[in-house]
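Participant: Here you go, sequence then predicted model.
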Amino acid sequence: MTVLLIFFGIAAALAVIAFLVKLGSNQRARKVAGWPTAKAMVTSTDIIEQPAAWSRYMPWITYSYEVSGKPYEGDRIRFGGRITFSSERKALAFLERFPVQKHATVYYDPRRPNVAILDPTPYSVAFIAILLIAVIFAVIAVLVGALTLLTK
């Protein structure tokens, strides 16, 4: 029974941490959406394949923009980690929003104009990873509980 409580406790703690990470991500997204914007020129796009047990496809976008007459370059799409897709087709569809040599809106930090993003939508790789681990611990807790009941 103690093992069951430990696994449920870990799962609950991880779920709370995931919730707090997501909350922070959403708050940052609201703040970023209020940043000033500039017109950016998309200078290049690419898809980087990340081979592993299953491939992930990461869109890569570079852009240039000006703030108060000073030129800047960036490659950040969103805060919260690089965006990845399960298929190259989905990554290409995402990149269609940002054609090369066309303008896009960039959101920049008014205190540090070199920090900019193309999309203020909240995105958090950490949230997904922590929540997945919490689910794994919860499943283990259920299995331990079931095994405990079956062996009595």
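Facilitator: Yep, it's here.

Participant: Okay, and Y72 sits in which element?
Facilitator: When elements are assigned from DSSP states H and E, Y72 belongs to strand 70-74.

Participant: Pull out the buried residues from that strand.
Facilitator: For strand 70-74, burial by neighbour count (16 or more other CB atoms under 10 Å) applies to Y72, G74. For glycine as for every other residue, the C-beta is placed from the backbone atoms N, C-alpha and C.

Participant: Parallel or antiparallel, which strands does that strand pair with?
Facilitator: strand 56-67 (antiparallel) (DSSP bridges).

Participant: and I10, how many neighbours?
Facilitator: Neighbourhood size, I10 [other CB atoms under 10 Å]: 17.

Participant: where does the chain dip in pLDDT?
Facilitator: Applying pLDDT under 70 to the chain flags the ranges 1, 3-4, 7-8, 14, 16-30, 53, 80-81, 122-131, 149.

Participant: Where do the domain boundaries of it fall?
Facilitator: In terms of domains, the chain is parsed into 1-34+121-152, 36-119 (source: automatic domain parsing).

Participant: okay, now A104: neighbour count?
Facilitator: Count around A104 with other CB under 10 Å applied: 17.

Participant: same deal with I83?
Facilitator: Other residues close to I83 by other CB under 10 Å number 19.

Participant: That one: what secondary structure?
Facilitator: coil (DSSP: H, G, I helix; E, B strand; the rest coil).

Participant: and the gap between the residue nearest to it when sequence neighbours are not counted and G34?
Facilitator: Closest residue to I83 apart from its sequence neighbours, by CB to CB, 6 or more residues apart in numbering: I77 at 5.8 Å. The gap separating I77 from G34 is 19 Å, by CB to CB, to the nearest Å.
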